[in-house]
Each structure stands twice: as structure tokens, then as C-alpha cells.
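S.K.: have a look; sequence and predicted model below, questions after that.
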Amino acid sequence: MSLNISNMTEHADINQLKPSSGLIDLKDHSSREGPLLVGYEINQLFDDIILATYSDLDEGGDNIVRGGIVIPGNAAERAWRLAEVVLVGPNCTQVKPGDTVIFPNEFGMRASNISVAGKGKISKSVFLNEERIFGTCNLAQDESSTTDTKRTSSRQCTGA
């Protein structure tokens, strides 16, 4: 018994397909360094792209810090990351510059030493799609100790 599929084949017109999210997909570029823009500065992003600087690094910028514990950057492939938003594209609806976002380390395209209009040169940053972030975070004061005048801080996160 043979099956004739010639009459069952339909062709899709790529120009008629509407994406459900942004066309620029940065979900799996974490192993590569981003653009090298010597002599240029970024002044605008497109689509749902976010440029953010990592805010969870030690002073050297190579290790992730969690609750005072230093995690080597090369050992934290699947770590959750925190970054402060610097620029957003016009299709970003959940975040704005200055927000702190949380996202998996394997998402986005890393970039360093990028000049941003009005911000100067930024280091240790990442380009992300807005849909790849999991929420925003605020720095909260730990109020568990009422006798100690020196308070410690922790990060509180909310879903986007």
C-alpha cells in the first residue's frame, strides 16, 4: 500500500507568518561575546531588546555573589542573574531603564565596554529579549533584627 502525499502538501508563505514575539531572538547567545563597537555608541535599541549591566558581580567582575558567597563565573552556567536595565527597545512593556531584572544566565548575549549615549561606557552587560526575563527585583531591607542598627540587605523579586 502506498500513500500519495502530493495532493496533501500545502506551502506556507513566510511573508504571511506573524511572529508571536520579537524577531530578534537572543535566547541562546550566552557563550559568545556581543558586539565590539569601537568608535560608536548605542543610542537606540529595536524590538523587545533590553541592554542591562550585571549587578550581581564581585568587584573584579568575574564572579557571581549570592548572599555573601562568591561563585566562580565559569561554574555558574545555570545561575539566575541580576542586572540593571540601561536601555530598552520600543516593544518593551514590562521594564524600564533603572529596573533590576532576574533571568537565567544562559539567556542573552554578553557584551563589554560598550558606549551608550548619555550613559558613557558600560562593562559586563547583556543584551536580552524582554520575554526572557523572569521578573523585576527591588533591594529590600532585612528587618528581622530590631536591636542591630546596622541592617543587612537582600533582594526581593517579583514576577513580570
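M.R.: Received the coordinates, thanks.

S.K.: can you list the buried residues in the host helix or strand of Leu139?
M.R.: Leu139 is part of strand 135-141, with elements assigned from DSSP states H and E. For strand 135-141, the neighbour count (16 or more other C-beta atoms under 10 Å) marks 136-137 as buried. Every residue, glycine included, has its C-beta placed from N, CA and C.

S.K.: what of stretch 51-69?
M.R.: So stretch 51-69, judged by 16+ other C-beta under 10 Å, has buried residues 51-57, 63-64.

S.K.: distance between the ends of that stretch?
M.R.: 26 Å (C-alpha to C-alpha, to the nearest Å).

S.K.: quick one: terminal-to-terminal distance for stretch 118-126?
M.R.: End to end - C-alpha to C-alpha - stretch 118-126 spans 18 Å.

S.K.: contacts for that stretch next, please.
M.R.: Among residues not part of stretch 118-126, those counted as contacts by C-beta atoms under 8 Å, 6 or more residues apart in numbering are 34, 43, 51-54, 57, 61, 81, 83, 86, 108-116.

S.K.: looking at the protein, which helix or strand does the model trust least?
M.R.: strand 153-159 (a mean of 51; mean pLDDT, DSSP states H and E).

S.K.: what pairs with the strand holding Leu139, parallel or antiparallel?
M.R.: strand 100-104 (antiparallel), strand 153-159 (antiparallel) (DSSP bridges).

S.K.: what lies in contact with the lengthiest strand in the chain?
M.R.: Across the chain, the strand with the greatest residue count (assigned by DSSP state E) is strand 80-88. Residues from elsewhere that reach strand 80-88 (C-beta under 8 Å, 6+ apart): 42, 44-45, 49-56, 64, 95-105, 116, 119, 122, 125-126, 128, 130, 134, 137, 155.
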